[in-house]
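Visitor: I need the structure of the sequence given here:
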Amino acid sequence: MGAIDTTKDLNDPAAMYSARLRELRAVQASDKNLERNLGYAKVAVAFATILSALLLLYYIKLFWLLLIPAVLFVYLSILHEKRLQQIRLRQRAIEFYERGEARLEDRWAGTGERGDRFLDAAHPYARDLDIFGSGSLFELLCTARTRAGEETLAAWLLVAAPAEEILARHGAIRDLNTRIQLHEELFCLGETIRAGVHPKELSKWGARRPILKSIAIRITTSVLGALWIAGMVAWAVWGLGSVGLAISALNLAWAHRLHSRWDESAEAIEKATKDLDVLAGVLKLIDGGQFAAEKLQNIQARLKHDRFVPSEAIRKLDRIVGYLESRRNPAMRLLDVLTFWSAQCVFLAEGWQQEFGPHIREWLDAVGEFEALTALAGYAFEHPGDVLPQFVEKGPLFETEGMTHPLLPSKKAVRNDVKLGDDLRLIVLSGPNMAGKSTFIRSVGVNAVLAQCGAPVRANALKMSSLSVAASICVLDSLSGGTSRFYAEIRRLKITEDLSNGPIPVLFLMDELLSGTNSHDRLEGTKLIVKSLIDRGAVGVVSTHDLALAEIPATMDGRAENCHFEDRLEEGKLIFDYKLKPGVVKTSNALELMRSIGLGAMKTDR
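Guide: Have a look, this model is predicted:
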């Protein structure tokens, strides 16, 4: 598809993507025109061949001349298929840059991998911070082509890495950041991740014992298959039909005895080995890369073997599976039980399994890490204004300048500063409806998650210690489970409290805490919860509409403060600036919002 011009401004991803798309689309249009002409040429040659054949019926001695158009047709067919393959591959590259443009223009939500299967309702923050689902953080980040890459990225978003591992990932991100050619090649390896390699099934198959491991079974099956072919030759050449029929009966009996076992093995192999060409392609990209980052070099080192190259081993298995899948052809079914074709394929696959199976888990782990790092590096390239966070040992600390939510359009997002740690452990956040309280809380949490998975954060600067994030923002009741919102919320709070007993300080984020109870119990309950968490070394933010909770900082010996968002009314419209301000909010807009949609405006005649 051609190399990418690296002289272009790497600080302007939009310009680079746009230029690359123009190049690819121009070549694609030219190739499609050529492909169309090759198709017409094939049809013309085919008609010419048929017409020549009719004419040469009267000149049988010249019938060999038909070889000329036949050879030309085969040559054109080969050219045509090559051109079609180039068009399909280039279309994937075009899709890569189109998706990149969509992310830059905030049109990406709902178009990528959602990661719903990784969502655990009991996780301390995954649901509350929109880590998975449509328009989620995972969908924004994920460009992986294998499920191993998807699973690794999801794991990194769910579990904070140690500081030394985060620094290692930073080095890899810097190394991969501007390698757009590599990102493009990686994306072009697979049509879609949904049909990709299943790591659990493949590694499980690699570790299992072979089903048809008996040497006697393998020898007997191979000999009987060869005898049947010899019997058919004897029948055709010498007319020994009885011999051919006897061998056929013997093979059918052997197939009846063995079929369930080889079919079981064949099914296990096919289930575990989907889209191996994608896995082989990623392994080859890793093996052929020249990397400066120590983490990437370590990944390469894990794939080095004296006796074989992992990508070639996977391609060998892919060929065996291709042979095995041919057994599903209706024409092969009868021959299969007579020649034992699929059994021979199973023997080959299980031989591969015994030689390479123990290495599969290691290969998948390496591929998963590489793809996850490439996804984070792609995000870093597309967001040059985002920064890599600085980690400190002493904590708890979360100090950021110019922070905003990474899922908001960057041109519309309002940035705020916040510091939690040292003497200040709690912010009680008040403000009217729609003023930005929930978004601010999520911004703190999502940037903490990004930072601790090794990614850049949406801020001008971020300094933090290792923190266990826990959020209670979108707690839902459950009709089927008989759980009220209040009970669901206190169960979530118990998860946060249990987390605070661990060695890493907790960063707790709570929106409208205990809203399912009366004002008195809400105030006393909130005091009890936040004081308990802070006494255990936690830091956090609690938002509220209930201004009674603004009394809490006065009881916290200087460890808490009030902050707020506010609005103003201009020409009958509510205006929000989304800027964090010190103190307690002085305004309320609930009635204005109700009037703005006409609620309560209808008058009744009496």
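Visitor: where does the protein dip in pLDDT?
Guide: Scanning the chain for pLDDT under 70 picks out the ranges 1-10, 60-63, 190-198, 275, 331, 475-487, 515-518, 569-572, 586-606.
Visitor: The helix of greatest length in it - contacts with which helices or strands?
Guide: The longest helix of the chain (DSSP state H) is helix 13-56. Helix 13-56 sits against helix 67-104, with contacts defined as 3 or more CB pairs under 8 Å, 6 or more residues apart in numbering; DSSP states H and E. (Each C-beta comes from the backbone N, C-alpha and C, glycine too.)
Visitor: Which is the succeeding secondary structure element to the helix it packs on?
Guide: Sequence-wise, the next helix or strand beyond helix 67-104 is helix 137-141, with elements assigned using DSSP states H and E.
Visitor: chain center to that next one, what's the gap?
Guide: 8 Å (CA atoms, centre = their mean, to the nearest Å).
Visitor: Dump the C-alpha coordinates for the next helix or strand after it into PDB.
Guide: Downstream of helix 137-141, the next assigned helix or strand under DSSP H and E is helix 147-158. Taking Å, rounded to 0.1, in the frame of the first residue of the first chain, the C-alpha atoms of helix 147-158 are listed here in PDB:
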ATOM      1  CA  ARG A 147      -9.200 -10.900  21.500                       C
ATOM      2  CA  ALA A 148      -6.000 -11.200  23.400                       C
ATOM      3  CA  GLY A 149      -5.400  -7.500  22.800                       C
ATOM      4  CA  GLU A 150      -8.900  -6.700  23.800                       C
ATOM      5  CA  GLU A 151      -8.700  -8.700  27.000                       C
ATOM      6  CA  THR A 152      -5.300  -7.200  27.900                       C
ATOM      7  CA  LEU A 153      -6.600  -3.600  27.400                       C
ATOM      8  CA  ALA A 154      -9.700  -4.400  29.400                       C
ATOM      9  CA  ALA A 155      -7.700  -5.900  32.300                       C
ATOM     10  CA  TRP A 156      -5.400  -2.800  32.300                       C
ATOM     11  CA  LEU A 157      -8.500  -0.500  32.600                       C
ATOM     12  CA  LEU A 158      -9.900  -2.600  35.500                       C
END
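Visitor: Run the angle between whichever helix or strand comes after helix 147-158 and helix 147-158 for me.
Guide: Counting by DSSP H and E, the element after helix 147-158 in chain order, helix or strand, is helix 163-176. With axes from the mean of the first three to the mean of the last three CA atoms, to 10 degrees defining the directions, helix 163-176 sits at 130 degrees from helix 147-158.
Visitor: and the very next helix or strand once past helix 163-176, which residues are buried?
Guide: Next helix or strand after helix 163-176 toward the C-terminus (DSSP H and E): helix 180-187. Within helix 180-187, the residues scored as buried using 16 or more other CB atoms under 10 Å are Ile180, Leu182, His183, Glu184, Glu185, Leu186, Phe187.
Visitor: got CSV for those residues, with distance to Gly231 too?
Guide: Shown next, in CSV, are the buried residues of helix 180-187 (distance: CB to CB, whole Å):
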residue, distance to Gly231
Ile180, 60
Leu182, 55
His183, 57
Glu184, 55
Glu185, 51
Leu186, 51
Phe187, 52
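Visitor: Specify which member of these is nearest to Ala372.
Guide: Within the buried residues of helix 180-187, the smallest distance to Ala372 is 11.8 Å, found for Leu186 (CB to CB).
Visitor: and the nearest residue to Asp521 once chain neighbours are set aside, how many neighbours?
Guide: In space, and not counting its chain neighbours, Asp521 is closest to Leu514: 7.2 Å by CB to CB, 6 or more residues apart in numbering. Neighbour count for Leu514, taken as other CB atoms under 10 Å: 24.
Visitor: Out of the buried residues of helix 180-187, the closest to Glu399 would be?
Guide: His183 (32.4 Å).
Visitor: Can you give me the domain boundaries for the chain?
Guide: Domain assignment for the chain by automatic domain parsing gives 1-105, 193-210+254-382, 390-596.
Visitor: out of the ones you listed, nearest to Arg218?
Guide: Using CB to CB, the domains of the chain put domain 193-210+254-382 closest to Arg218, at 5.5 Å.
Visitor: Adding distance to Arg145, write the domains of the chain out as JSON lines.
Guide: Shown next, in JSON lines, are the domains of the chain (distance: least, CB to CB, whole Å):
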{"stretch": "domain 1-105", "distance to Arg145": "10"}
{"stretch": "domain 193-210+254-382", "distance to Arg145": "6"}
{"stretch": "domain 390-596", "distance to Arg145": "19"}
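Visitor: Of those domains, give the one that comes closest to Arg174.
Guide: The nearest among the domains of the chain, by CB to CB, is domain 193-210+254-382 at 7.0 Å.
Visitor: from the middle of its chain, how far away would the closest one be?
Guide: With CA atoms, centre = their mean, you get 19 Å for domain 193-210+254-382.
Visitor: residues touching the residue most central in space within the chain, list them.
Guide: In the chain, the residue lying closest to the centroid (CA atoms, centre = their mean) is Glu150, at 3.4 Å. Going by CB atoms under 8 Å, 6 or more residues apart in numbering, Glu150 touches Glu113, Gly115, Cys142, Ala144, Ile193, Glu371.
Visitor: List just the nearest of these to Leu574.
Guide: For those, the nearest to Leu574 is Gly115 (35.7 Å; CB to CB).
Visitor: Please tell me how far the residue nearest to Asp521 sits from Ala122.
Guide: The gap separating Leu514 from Ala122 is 20 Å, by CB to CB, to the nearest Å.
Visitor: quick one on the thing from earlier: can you tell me which of the contacts of Glu150 is nearest Pro330?
Guide: Ile193 (31.4 Å).
Visitor: And stretch 567-576, end to end?
Guide: Separation of the first and last residues of stretch 567-576 by CA to CA, to the nearest Å is 5 Å.
Visitor: And for stretch 530-548?
Guide: Start-to-end, stretch 530-548 (CA to CA) is 15 Å.
Visitor: isn't Pro505 right next to Phe398, touching?
Guide: No: with contact defined as CB atoms under 8 Å, Pro505 does not count as touching Phe398 (9.7 Å).
Visitor: More neighbours: which of these two?
Guide: Counted by other CB under 10 Å, Pro505 and Phe398 do not tie: Phe398 has more neighbours, with 26 against 23.
Visitor: Is Lys463 within a helix or a strand, and which one?
Guide: strand 461-464.
Visitor: Distance from that strand to the middle of the chain?
Guide: 27 Å.
Visitor: List of residues touching that strand?
Guide: Against strand 461-464 from outside (CB under 8 Å, 6+ apart): 387, 389-392, 395, 397-403, 447-448, 451.
Visitor: Can you tell me which helices and strands the helix or strand that it is followed by packs against?
Guide: Next in sequence after strand 461-464, counting helices and strands by DSSP H and E, comes strand 468-472. Packing contacts for strand 468-472, counted by 3+ CB pairs under 8 Å, 6+ apart, involve helix 437-453, helix 485-499, strand 506-511.
Visitor: any idea of the angle strand 468-472 forms with helix 485-499?
Guide: 170 degrees.
Visitor: ok now do Lys394, which residues does it touch?
Guide: Ser465.
Visitor: Roughly how far does it sit from Arg536?
Guide: Taking CB to CB, one finds Lys394 at 17 Å from Arg536.
Visitor: Would you confirm that Lys271 contacts Glu201?
Guide: Yes: using CB under 8 Å, Lys271 makes contact with Glu201 at a distance of 5.8 Å.
Visitor: and Gly537, what element?
Guide: With DSSP H and E as the test, Gly537 turns up in no helix or strand.
Visitor: and it, how many neighbours does it have?
Guide: 14.
Visitor: right, and it touches Pro505 too?
Guide: Yes: counting by CB under 8 Å, Gly537 touches Pro505, with 4.7 Å between them.
Visitor: shared neighbours, these two?
Guide: Pro396.
Visitor: The closest residue to Met403 other than its chain neighbours and His405, how far apart?
Guide: Nearest non-adjacent residue to Met403, counting by CB to CB, 6+ apart: Ala459, 4.0 Å away. Ala459 is 10 Å from His405, where distance means CB to CB.
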